[in-house]
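In: A structural model of the following input is requested.
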Amino acid sequence: MFRFFSNVFLFLFYPLFFFFHVVFFYLFKFFLLLFNPFLFLFNNFDLFFFVSNLFLFFLNLVCFFFIFALLLLLLF
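Out: Next comes the predicted model:
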């Protein structure tokens, strides 16, 4: 019963997290570069890009480990 529900959960949510993991990551980075409110305020915005890239890296890491946990649910 648990294996059935874990398979259904993985089948339903894996494409959603794949979409979030790949597409949203690069879209967010693109729009961050495009509509950056700090471009008009600071001449040196390297720190802002460093912090935003760090945030995106940890978001990517969380998504990866969530997908990995779902795959472990599928195996056991």
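In: count the neighbours of Leu61 for me.
Out: Using other CB atoms under 10 Å, Leu61 is surrounded by 10 other residues. C-betas here are computed from N, CA, C, even on glycine.
In: in what helix or strand does it lie?
Out: helix 46-75 (DSSP states H and E).
In: local confidence estimate at Phe24?
Out: For Phe24, the model assigns a pLDDT of 71.
In: quick one: low-confidence residue ranges for this structure.
Out: 1-12, 14, 18, 21, 32-52, 76 (pLDDT under 70).
In: how about stretch 54-71 as PDB, C-alpha atoms only?
Out: The C-alpha trace of stretch 54-71 is given here as PDB (Å, rounded to 0.1, in the frame of the first residue of the first chain):
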ATOM      1  CA  LEU A  54      24.100  31.600  -3.600                       C
ATOM      2  CA  PHE A  55      20.300  31.600  -3.000                       C
ATOM      3  CA  LEU A  56      19.700  29.900  -6.400                       C
ATOM      4  CA  PHE A  57      22.400  27.300  -5.700                       C
ATOM      5  CA  PHE A  58      20.800  26.300  -2.300                       C
ATOM      6  CA  LEU A  59      17.300  26.300  -4.000                       C
ATOM      7  CA  ASN A  60      18.800  24.000  -6.600                       C
ATOM      8  CA  LEU A  61      20.300  21.800  -3.900                       C
ATOM      9  CA  VAL A  62      17.000  21.500  -2.000                       C
ATOM     10  CA  CYS A  63      15.200  20.500  -5.100                       C
ATOM     11  CA  PHE A  64      17.800  17.900  -6.000                       C
ATOM     12  CA  PHE A  65      17.700  16.300  -2.600                       C
ATOM     13  CA  PHE A  66      13.900  16.300  -2.600                       C
ATOM     14  CA  ILE A  67      13.900  14.500  -6.000                       C
ATOM     15  CA  PHE A  68      16.600  12.100  -4.600                       C
ATOM     16  CA  ALA A  69      14.400  11.400  -1.500                       C
ATOM     17  CA  LEU A  70      11.400  10.700  -3.900                       C
ATOM     18  CA  LEU A  71      13.600   8.300  -5.800                       C
END
